[in-house]
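Undergrad: Could you look at this predicted model? Sequence included:
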Amino acid sequence: MLDVTAIRRDFPILNQVHHDDVPLVYLDNAATSQKPECVIRALDAYYRTYNANIHRGIHKLAEAATAAYEGARERVRAFINAASPREIIFTRNTTEAINLVAHSWARANLREGDVIVLSEMEHHSNLVPWQMLAAERGVRLEFIPITEDGHLDLAAFDRLLELQPRLVSVVHMSNVLGTINPIAEIVARAHAAGAVVLVDGAQSVPHLPVDVRALDCDFLAFSGHKMCGPTGIGVLYGKRALLEAMPPFLGGGAMIKRVYLREFRPNDLPWKFEAGTPAIAEGIGLGVAVDYLSKLGMAEVHAHEQAIVRYAMEQLSEIKGLRILGPSANERGGVVAFTVEGIHPHDISQVLDRDGIAIRAGHHCCMPLHDRLGIVASARASFYVYNTEEEVDLLVRSLYRAMDLFGV
């Protein structure tokens, strides 16, 4: 088990006090995680001691920056067990990574009438790019429904595969329901039907072991800021053969090998998809964050979160009028979204904030999922390596205070 007391000392922001000198209880990790001291120091060290542009310079600072940035790419490769660092494309975030696939692979390969299969639990980042493509190209979007207990309906998925979709794009772990989807099984079924598979790993890669070769997914997208890294850096993993065949996403510097007045030759992977000066400090910081999580062990991270979620669901289920969304604790990651009868989630969040407790309230960029659940919004507590059962107790106590305040 993780030594959470020692881990908490690594995160300086957790020493904060909020209104009326109450300690910060940070339970909004599905939106963004906090950053350990080692990541903060890495960003500071880059800007203080070897700030330079990468790849193009041959002076000492440029060579040091390039080595650190490309070293981070290798760390990310190892973290998800990709076959080559050339399969690791740095982007700004999960959203940009999915859009890269939509603009490059999909626009080069999909035609009017082709089918894309998504699911009802997708984040807007894995809906809107495909809706835009459908409006532009006339591709057809179909959706795996969810069951009443918050799982994907795999029997319905099999029926959708009979349509011979060209692409299946599905979330690994829901940011609302917490459901961990059986991605390896989904990928195998999709491949048997001839489909390419993209996995939204924004909530899975930071919280549980992810091995892209074991999953056999074709693409995987995730964000650094949800896994102890800086904002502004994300990753698209893609199988090399697919990436080699795809046209560039953006044009400009770094993504070229040769430019003439009327044509150009693109650069090799991965730089073909990394136009312009990248987020150098952020990439280096992500490499340090990966080292930090690797040292903790992702199996241990997942086990800790499941223990916290199990405890949280036990305590929350005793609150009259509180409805927990999604499956049982052993079938989900570190997310518990809920509603309280008679109180809007925004009001819940505001009352909790007065007690120093940071949660999320709203639709969590999953409006269609909330429509499917028959609600307009939910409150969401999401946990990470530094959260404790004592913080769950504070959450529950503050929820009772909110209910008293609103007379429910």
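TA: Cool, the structure landed.
Undergrad: what's the spacing between the closest residue to His302 other than its chain neighbours and Glu162?
TA: In this structure, His302 finds its nearest non-sequential neighbour in Leu208, 4.0 Å apart by C-beta to C-beta, 6 or more residues apart in numbering. C-beta: built from backbone N, CA, C; applies to glycine. For Leu208, the distance to Glu162 equals 31 Å [C-beta to C-beta, to the nearest Å].
Undergrad: Compare those two (neighbour count), which wins?
TA: Ranked by neighbour count (other C-beta atoms under 10 Å), Leu208 and Glu162 place Leu208 first, with 20 against 8.
Undergrad: Could you report the pLDDT at that one?
TA: With respect to pLDDT, Leu208 scores 98.
Undergrad: Likewise for Gly57?
TA: Gly57 carries a pLDDT value of 85.
Undergrad: quick one: it and Glu63 touch, right?
TA: Yes: using C-beta atoms under 8 Å, Gly57 is in contact with Glu63, at 7.2 Å.
Undergrad: Distance of Ile80 relative to Ala221?
TA: Distance of Ile80 to Ala221, computed by C-beta to C-beta: 11 Å.
Undergrad: Between those two, which is the more surrounded one?
TA: Taking other C-beta under 10 Å, Ile80 and Ala221 do not tie; Ala221 has more neighbours (30 against 22).
Undergrad: what's the helix or strand for that one?
TA: Counting by DSSP states H and E, the element that carries Ala221 is strand 219-223.
Undergrad: in that strand, what's buried?
TA: Neighbour-count burial for strand 219-223, counted by 16 or more other C-beta atoms under 10 Å, picks out Phe219, Leu220, Ala221, Phe222, Ser223.
Undergrad: who touches the third one in this structure?
TA: What that stands for is Ala221. Neighbour list for Ala221: 91, 94, 97-98, 101, 198-202, 234-237 [criterion: C-beta atoms under 8 Å, 6 or more residues apart in numbering].
Undergrad: same deal with Ile324?
TA: With the criterion set at C-beta under 8 Å, 6+ apart, Ile324 makes contact with Met313, Leu316, Ser317, Val336, Ala337, Phe338.
Undergrad: Dihedrals phi and psi, the third one?
TA: So that's Ser317. Per-residue torsions, Ser317: phi -70, psi -20 (degrees, to the nearest 10).
Undergrad: Quickly note the distance from Val290 to Ala42.
TA: Using C-beta to C-beta, Val290 is found at 11 Å from Ala42.
Undergrad: returning to what we had before: for the buried residues of strand 219-223, which one is nearest His302?
TA: His302 lies nearest to Phe222 out of these, by C-beta to C-beta, at 15.2 Å.
Undergrad: So the closest one is in contact with Gly229, correct?
TA: No: checked against C-beta under 8 Å, the pair Phe222 and Gly229 is beyond contact range at 10.2 Å.
Undergrad: Quickly find the element holding Ala78.
TA: For Ala78, the host element (DSSP H and E) is helix 60-80.
Undergrad: Which elements pack onto that helix?
TA: strand 88-91, helix 280-296 (3 or more C-beta pairs under 8 Å, 6 or more residues apart in numbering; DSSP states H and E).
Undergrad: Buried residues in that helix, which are they?
TA: 62, 64-66, 68-70, 72-73, 75-77, 79-80.
Undergrad: likewise stretch 268-283?
TA: For stretch 268-283, by 16+ other C-beta under 10 Å, it's 269-275, 278-283.
Undergrad: Now flag whichever of those residues is closest to Arg397.
TA: Once C-beta to C-beta is applied, the member of the buried residues of stretch 268-283 that ends up nearest Arg397 is Glu282, at 37.4 Å.
Undergrad: Next, the contact list for the closest one, please.
TA: Counting by C-beta under 8 Å, 6+ apart, Glu282 makes contact with Leu43, Gly224, Gly229, Pro230, Thr231, Gly232, Ile233.
Undergrad: Just the helices from the stretch 101-250 of the chain, written as ranges.
TA: 107-109, 128-137, 154-161, 183-192, 212-215, 240-245 (DSSP state H, counting those that start in this stretch).
Undergrad: Can you convert those into TSV and add a column each for mean neighbour count and mean pLDDT?
TA: Below are the helices of the stretch 101-250 of the chain laid out as TSV (neighbours: other C-beta atoms under 10 Å; pLDDT from 0 to 100):
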stretch	mean neighbour count	mean pLDDT
helix 107-109	13	97
helix 128-137	16	97
helix 154-161	16	98
helix 183-192	17	98
helix 212-215	17	98
helix 240-245	14	98
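Undergrad: Go ahead and name everything in contact with stretch 70-86.
TA: Contacting residues not belonging to stretch 70-86 are listed as 54, 87-88, 90, 205, 210-214, 220, 235, 237, 240, 243, 268-270, 283-284, 286-288, 290-291, 293-294 [C-beta under 8 Å, 6+ apart].
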